[in-house]
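**Student:** okay, here's the prediction I keep looking at, along with the sequence it came from:
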Amino acid sequence: MDFVEAFKELKSELKEEWLDFYEENYDWIETLGVYRDVTWSANSRDQSHYFLLGVLSALNPKFSGLLKVFKKLTSDPQKITKTIDIFDLDLAKELEKRAASKMQNAELISLPPESEAKKSNTDPDLEYLDRIRQDINQ
């Protein structure tokens, strides 16, 4: 895998990890105001970038190593979060998409048809005994 592919894969991992973290910790993140989306002031946005980078570096060791390289290139946290395509996510939309996808996957995992369910639930030993009983009764 070349660097570009590895970086795309890492960005995808980071997005999923961030959404997982945000969804699980939404209450305290919003209550404390440690993360704000792009509609807030520049100062609060800088704090949000630092918070986001801190969370991602704790969640993903590969990103933690890559962050050291990024910091040599720029000290601007906004540029780093833009590079990994994380900060400008519409979290509400992304979480809605994930919920819809989970619902769709749950619908795809359906019960087998009744005839198959009966076949799969019958014990071969019981079937054998039933045949013996039928033979005896004849």
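**Tutor:** Now that the structure is in, tell me what you want to look at.
**Student:** give me the low-pLDDT residue ranges for this protein?
**Tutor:** Applying pLDDT under 70 to the chain flags residues 36-46, 109-122.
**Student:** tell me where it has helices.
**Tutor:** Secondary structure of the chain (DSSP state H): helices at 3-32, 42-59, 61-73, 77-83, 91-108, 114-121, 124-137.
**Student:** turn these into CSV, including mean neighbour count.
**Tutor:** No exception for glycine: its C-beta is placed from N, CA and C like everyone else's. Putting the helices of the chain into CSV (neighbours: other C-beta atoms under 10 Å) gives the following:
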stretch, mean neighbour count
helix 3-32, 13
helix 42-59, 16
helix 61-73, 13
helix 77-83, 17
helix 91-108, 11
helix 114-121, 9
helix 124-137, 9
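**Student:** just checking, Phe87 touches His49?
**Tutor:** Yes. Under the criterion of C-beta atoms under 8 Å, Phe87 makes contact with His49 at 6.3 Å.
**Student:** any common contacting residues for the two?
**Tutor:** 78, 81 (C-beta atoms under 8 Å, 6 or more residues apart in numbering).
**Student:** for the spatially closest residue to Glu94 that is not a sequence neighbour, give me its contacts.
**Tutor:** For Glu94, ignoring the flanking residues on the chain, the nearest one in space by C-beta to C-beta, 6 or more residues apart in numbering is Leu19 at 5.7 Å. Leu19 is in contact with 89, 91, 94-95, 98, counting by C-beta under 8 Å, 6+ apart.
**Student:** residue nearest the centroid of the protein?
**Tutor:** Glu16 (3.9 Å; C-alpha atoms, centre = their mean).
**Student:** now that one: how far from Asp123?
**Tutor:** 42 Å (C-beta to C-beta, to the nearest Å).
**Student:** next: Leu129.
**Tutor:** Distance from Leu129 to Asp123, by C-beta to C-beta: 9 Å.
**Student:** again, but for Leu67
**Tutor:** The separation that Leu67 has from Asp123, given C-beta to C-beta, amounts to 57 Å.
**Student:** then Gln78?
**Tutor:** 64 Å.
**Student:** ok, Thr74 next?
**Tutor:** With C-beta to C-beta as the criterion, Thr74 and Asp123 are 66 Å apart.
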